[in-house]
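*Asks:* coordinates only, sequence not included:
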């Protein structure tokens, strides 16, 4: 059946996080980093992911301390009903904004690479329909779908990315640290606000068969996407050069188009490859949607999460179409970085300290 | 319930569609584009801009494939007919932007232009000299349809005229040019770069070399030599010989032949083919004055000697190596001097090397680099190694 006991094992948790973390953002992250730190983008990315370890450690420790409760419940236990409710609302708003951004980014990508005449709502609806269908049946089918998607697509994408490494020109990564290390460090610290889907650990732990393995799941969930993202940054900047990476809307797609099978009669394989990335958007949106509706149902104390699904999906869609063009889109979602810093670092840290001081935890 | 599900599943297959679908026979495949300045006395120009009295900027010529004709000529006479007939169609228009011209052409065509299989962009000499090449190519950079493995070449003279050429063995001028550019393993006298690497180079520093194309005898075409780009504009030409030397410095020569006079016997020649090479561009920044050293190592095979084959000995090989080194050294020196003194264009990436390897010094020199560059001391070292002698001694 679709659903038997609402328990997932460690592998399913890991793959759920991997599938949620990899989305079209990986195709554009190099552009943003190149704008901030130029040729040192790879270094900023690696150091940044050492910093995110701290945030993830706190999140997992907090969630493990309350391994029987989701975020909306344990935040109430720690900080009292009113503040707990507000904190949950802050988290839900964050997730809604993130899923609106992912939705918009992927519909834009589909329109600028694959289907330029298809109306935006059609693309968005195909994503939303699947998200609704999957969320309806709870976490178990969601994890299973994530697992199958990742197992099929991730090796393909990794292979494609690694095969591009031969075209990389090392000179594009010079000068090394020309502006000094401060800029790189600053950009690395700001990545704390960029771990978006890792906050899933806040609600996932109670569903795990072995909550004590949560740290392992989180680390694998972080480092497999980081491995992929690191190599896509290297190929993008290494092939296109820093200046062109800044110019292109999605450097990842431009790089994929560079890949030519020698002697192949099939041209334009890049378009097909970018299709693979689009597939990875589905688990991301589904995961975010489930996180939102589950936390909402915990906040309002309803038995089922289902009544929230349709309104949240529609709200997400509406937010995603508010920005008019790409520049407005970037400006509109600019607030997500400081917001993310608060949600994924400040709030868990404060909650954890309070919980330790008050001595509350699940027995 | 089950039956309804099955019906829905079947309906999905038959009811699905695609907004972006355009049938093959409604498409017109663009193979190549020639970009030029709009000529003032052209009848197209006069007709379209008669009332505004303002002459348009650009002229665009597209070569599109006539697919039904292709099919006919292949199945038709069983291949017995060697007489090649033109299978392509040329569209020409003028306007102030290339997209405007494309839409203008839509009025005259029953098919929708498709850029996904474009092979080449040819930029006319006058346009390349007067306009920033990145600005000219902006439509192709933005358009999602464009295949980024196509070639960009400069025409010596008018780009549009090239499409009237009659290349042997090929039905389309664009495909001919594309395939010819891919022959760079056979000769280093022309430059083979695709769209992305050219755009990347131009956005990084604005200097570089672009392949060039010209008419050869019998109304055919020849890809040879290169255009020197400075600040995204064409400033001059290098011939095939000089381009070969430039490719040595850029570490991009993949083949090519060198013919030198036999050092021991006057009037006799020895030809070697390059099988591998590597160049290191070294900078010495003593006293904050950059001095460049081009250190080239060539591996080659002897392919032809003007003599009885048994005669070549150990010593002879050493002298051949020496002769080749001297020849290449002179070739590189002449080219570098031409770029430094005549064109004042930093097309071999000296400034970029300085920027990447000695960033602090570069920041000091950056402002005056245009004045410093022509006077920068450059020394050349070449060493040659003969690997194979072919199938005879």
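*Replies:* Cool, got the structure. Source: prediction; values computed, not measured.

*Asks:* What is the host helix or strand of residue A:244 packed up against?
*Replies:* With secondary structure defined by DSSP states H and E, residue A:244 is part of helix A:242-247. Helices and strands touching helix A:242-247, by 3 or more Cβ pairs under 8 Å, 6 or more residues apart in numbering or on different chains; DSSP states H and E, are helix A:25-37, helix A:251-256, helix B:195-204. (Each C-beta comes from the backbone N, C-alpha and C, glycine too.)

*Asks:* would you list every one of the helices in the stretch 51-200 of chain A?
*Replies:* For the stretch 51-200 of chain A, helices defined by DSSP state H, counting those that start in this stretch occupy the ranges A:71-79, A:81-109, A:120-136, A:139-163, A:181-190.

*Asks:* and those helices as a markdown table, adding mean neighbour count, distance to residue B:61 and mean pLDDT?
*Replies:* Shown next, in a markdown table, are those (neighbours: other Cβ atoms under 10 Å in any protein chain shown; distance: least, Cβ to Cβ, whole Å; pLDDT from 0 to 100):
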| stretch | mean neighbour count | distance to residue B:61 | mean pLDDT |
| --- | --- | --- | --- |
| helix A:71-79 | 24 | 63 | 86 |
| helix A:81-109 | 20 | 33 | 90 |
| helix A:120-136 | 18 | 35 | 87 |
| helix A:139-163 | 17 | 36 | 88 |
| helix A:181-190 | 17 | 46 | 85 |
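
*Asks:* Backbone dihedrals for residue B:142, both of them.
*Replies:* Here is the backbone geometry of residue B:142 (degrees, to the nearest 10): phi -80, psi -30.

*Asks:* what number of residues lie near it?
*Replies:* Each residue near residue B:142 was counted by other Cβ atoms under 10 Å in any protein chain shown, and the total is 11.

*Asks:* about what we covered before: compare the helices and strands packed on helix A:242-247 and give me the one nearest residue B:170.
*Replies:* With Cβ to Cβ, the closest approach to residue B:170 among these belongs to helix B:195-204: 21.2 Å.

*Asks:* For that closest one, name the packing helices and strands.
*Replies:* helix A:214-240, helix A:242-247, helix B:133-136, strand B:151-155, strand B:208-215.

*Asks:* how about the longest one: buried residues?
*Replies:* Read it as helix A:214-240. By 16 or more other Cβ atoms under 10 Å in any protein chain shown, the buried positions in helix A:214-240 come out as A:214-215, A:217-222, A:224-226, A:228-240.

*Asks:* got any ranges where chain A has weak pLDDT?
*Replies:* Per-residue confidence of chain A (counting by pLDDT under 70) places the weak regions at A:1-5, A:260-268.

*Asks:* Where do the domain boundaries of chain B fall?
*Replies:* B:24-69+B:85-238, B:247-388 (automatic domain parsing).

*Asks:* Determine which stretch of those is the most buried.
*Replies:* Counting by mean count of other Cβ atoms under 10 Å in any protein chain shown, domain B:24-69+B:85-238 has the highest mean neighbour count of those, with a mean of 19.

*Asks:* And that one, end to end?
*Replies:* End-to-end distance of domain B:24-69+B:85-238: 42 Å, with Cα to Cα, to the nearest Å as the criterion.

*Asks:* ditto for stretch B:132-142
*Replies:* The first and final residues of stretch B:132-142 sit 16 Å from each other (Cα to Cα).

*Asks:* And the contacts of that stretch?
*Replies:* Taking contacts as Cβ atoms under 8 Å, 6 or more residues apart in numbering or on different chains, the residues outside stretch B:132-142 that touch it are A:247, B:35, B:58, B:97-99, B:115, B:121, B:123, B:127-128, B:146, B:152, B:195, B:199, B:202-203, B:210, B:229, B:231-234.

*Asks:* Spell out the secondary structure type for the closest residue to residue A:312 other than its chain neighbours.
*Replies:* By the measure of Cβ to Cβ, 6 or more residues apart in numbering or on different chains, the closest residue to residue A:312 outside its immediate chain neighbours is residue A:292, 5.3 Å from it. Classification of residue A:292 using DSSP: H, G, I helix; E, B strand; the rest coil returns helix.

*Asks:* my read: residue A:292 touches residue A:94, true?
*Replies:* No - at 9.6 Å, residue A:292 and residue A:94 do not qualify as touching, with contact defined as Cβ atoms under 8 Å.
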